[in-house]
Each structure stands twice: as C-alpha cells, then as structure tokens.
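In: What follows is a predicted structure for the sequence shown.
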Amino acid sequence: MKSKAWYKKQLKRKPVQITRYTVQGLFLFFLLYVGLEFYQFYKHFATAGASPFVERPPAVEGFLPISALVALKVWIKGGGFDMIHPAGLVLLTFFIASGLIFRRSFCSWFCPVGTVSEMTAWLGRKILKRNFELPTWVVWLLTPIKYLLLYFFISMIISMPIFQAKSFLDDPYNKVSDVKMLLFFLNIGGFAIKVILVIFVLSLFFRNFWCRFLCPYGAMIGLGSIFRITKVRRNEDTCTNCEMCTKVCPQRIKVHTKKAVVSPNCNACMSCVEACPIKDTLNMTVVNKKVNKWFIPAGFIILFFVVVGIAKLTGHWETILTYEEWIELIPGARYIGH
C-alpha cells in the first residue's frame, strides 16, 4: 500500500491529472445516477403507475447525439429551438463549440466512455504489465474509421430536407428515443455484447482504442482544432527528448517530436505538460500566448456550468413533453418505429 507521503508527492507533481481523475470519477457516478433515475422514471409508465413517479433527468438527452444533430440543423436553418430534447441540443452545441478553444476537453474530463477506456487501459497495464503500441501502418489504416462514421451521420443529416428534419423532431420515435436507448441496453443482444467485448479486449492491449479510432463524437469535437487556436508548444532548445510527454499521452501522440501539438486527437488533458521535467519546455498556448496549465480545464468546466445554468434559467433545458404524453407513448415505446 502506498504511503501518505507518496500521495502527497503525486498531488504536488501532477495536480491537474489528479483533479482530472477525480472529475472523471464524479461525472461517471453522476451519469450512473442519471441512468438509475431515468430507469425509475420509465418504470412508472411501463408499470401503469405501480412504480412511484420520478422526475425525468434532462441530462439523459446527452446520450442522444443524432436527435441533437437534427435539432441543430433545424435551429441553424431558422426553424426554432427544439423543445422536445432541449438539453441534448444545448449539450451538443456547447461541446462542438468548445472544441475551438478547449479542444477535446469533453473527452478527457467528462465523457463516460473516455473514462471507462482509461480505466480499461489501466487494468491492462496491471494485468499485462504494459499497454502495447500499434504499428504505424495499422494506425494509418484505423484512423479514418471515426471520420468515415462522422461523415456518414453528418451527410445524412445535411441532405435531409428541413421539413423532414422538423417532422423527425416531432415524430413519436424521437420523443421516446431516450426510452428506446434504455430498452436497447436493458435487452442488449448477443451481437452488441460481442462488439463491446471486442472493444474492451482491444482497449486492454491498446490504450484508448475506441477514442482514438472509432468514436465519431470525439472526431466531431476535434474538428475545432483545425483552427489551431489552442495547442501545446514544445521548446526545442530546452527539450531533452526524454519522451515522458509521449509516454503519458492517452491518445499516443508523439509529443516529443512535435514543435506544436495540432493533432485533432489531442484532448487537452495536460498530461504531457505535467509530465515534462524541464520547466517551460511544454506549455499550453491560446492564440500563441502561453497560459497557465489550469486555464483550459478550469475554463471548460466553468463555462459548461454557466451554459447549463443559462439554459435552465431561460427555459431551454426541460422538455415540453407532458405527463399525459408519456402515459401514451412510453408503454408502447418498444413498438414505435421510424
């Protein structure tokens, strides 16, 4: 068992990372609570009121990216703000926009899949004594997959006529899409389980396999980095090429070879900056100006709560669906198709 002095030393050496792990854990538990609360909400209607009524948690809409993308299209086209799943639209819009300044901070601080991926990689290191590296040619082959998936979803929604997009938002299928998502996991099939197991095993061997190669959501947020407003810069004059920055990078970016980290895979976790043993050799910059290592994570988290707070105060967080509509829709949700 580690001593108290060891933990104090770690906290002093990498306070941002320890804070990040804490935030990840808290957010994961919060989402598990949201899931339980939503299940209780569903059970009330599925059992015709035999189970007690629990308020529907709006945060569950964060798991409806397709609905939110359609709603974003309608909103941009002047069709109004979607009030069926308003929280989903608020969250998606914020996370996409945040990529411009905060890069993929969502992935490294909030995303439950990202958190589980990092935990799986840690478990892999405990069992196998290490995580393995994929050959460069395999990385090149796998990297386009998430962008192809993103292209498929984006092109499908862009090509959708505006009247069809509005119709989708008002469709019973969209209204209970959160319930259908719950039912999918409650009655998950053999194929889906096999896919999850394969990704889990791959993540044991290869760190953050899902995030690096398969996640279209992360790919979409990462597009904001093409403007290069925010990046980690390396001072080549003071760098000793110890490669500590590369060793700790969750996305396996070869930081020690870069003058500036501009990869869309960078999730601004600050691992590399904290791992560097030479002061001011690695620094986070915004518009080419050095900023404190806390600037990106603190700014992202504070702005997140500000945006959610404004959404709640302005009535853009709670759905307009009524109890009576849920009574009609939820009991037969599994039979509602699109």
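Out: Nice, thanks for sending it over.
In: What's the mean pLDDT across the longest helix seen in the chain?
Out: Once the chain is assigned using DSSP state H, the helix that runs over the most residues is helix 15-46. Here helix 15-46 scores 96 as its mean pLDDT.
In: Need the CA coordinates for the helix or strand following it. PDB is fine.
Out: Sequence order places helix 65-76 as the next helix or strand after helix 15-46, per DSSP states H and E. Output in PDB follows, covering the C-alpha atoms of helix 65-76 (Å, rounded to 0.1, in the frame of the first residue of the first chain):
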ATOM      1  CA  PRO A  65     -26.400  12.900 -30.400                       C
ATOM      2  CA  ILE A  66     -28.400  12.100 -33.600                       C
ATOM      3  CA  SER A  67     -31.500  13.800 -32.400                       C
ATOM      4  CA  ALA A  68     -29.400  16.700 -31.200                       C
ATOM      5  CA  LEU A  69     -27.700  17.000 -34.600                       C
ATOM      6  CA  VAL A  70     -31.000  17.100 -36.400                       C
ATOM      7  CA  ALA A  71     -32.200  19.700 -33.900                       C
ATOM      8  CA  LEU A  72     -29.000  21.800 -34.500                       C
ATOM      9  CA  LYS A  73     -29.700  21.700 -38.300                       C
ATOM     10  CA  VAL A  74     -33.300  22.900 -37.700                       C
ATOM     11  CA  TRP A  75     -32.100  25.700 -35.300                       C
ATOM     12  CA  ILE A  76     -29.400  26.900 -37.700                       C
END
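In: in helix 65-76, what counts as buried?
Out: When neighbours are counted by 16 or more other CB atoms under 10 Å, the buried residues of helix 65-76 are found to be Pro65, Ser67, Ala68, Leu69, Val70, Ala71, Leu72, Lys73, Val74. The C-beta positions use only the backbone N, C-alpha and C, and glycine is treated the same way.
In: got a list of what Phe30 touches?
Out: Residues in contact with Phe30 (CB atoms under 8 Å, 6 or more residues apart in numbering) are Ala59.
In: same question, the one 10 residues further on
Out: Contact analysis of Gln40 by CB under 8 Å, 6+ apart lists Ser51, Pro52, Val54.
In: For the last one, give me phi and psi.
Out: This points to Val54. phi -130, psi 140 (degrees, to the nearest 10).
In: just checking, it touches Val34?
Out: No: using CB atoms under 8 Å, Val54 is not in contact with Val34; the gap is 11.3 Å.
In: Help me confirm that Asn283 is found in a strand?
Out: Yes: assessed with DSSP: H, G, I helix; E, B strand; the rest coil, Asn283 lies in a strand.
In: is it in a bridge, and if so with what?
Out: When bridges are called by DSSP bridges, Asn283 pairs up with Arg233.
In: what residues are up against it?
Out: Per CB under 8 Å, 6+ apart, neighbours of Asn283: Val232, Arg233, Asn235, Val273, Lys290, Val291, Lys293.
In: Cool, thanks, talk later.
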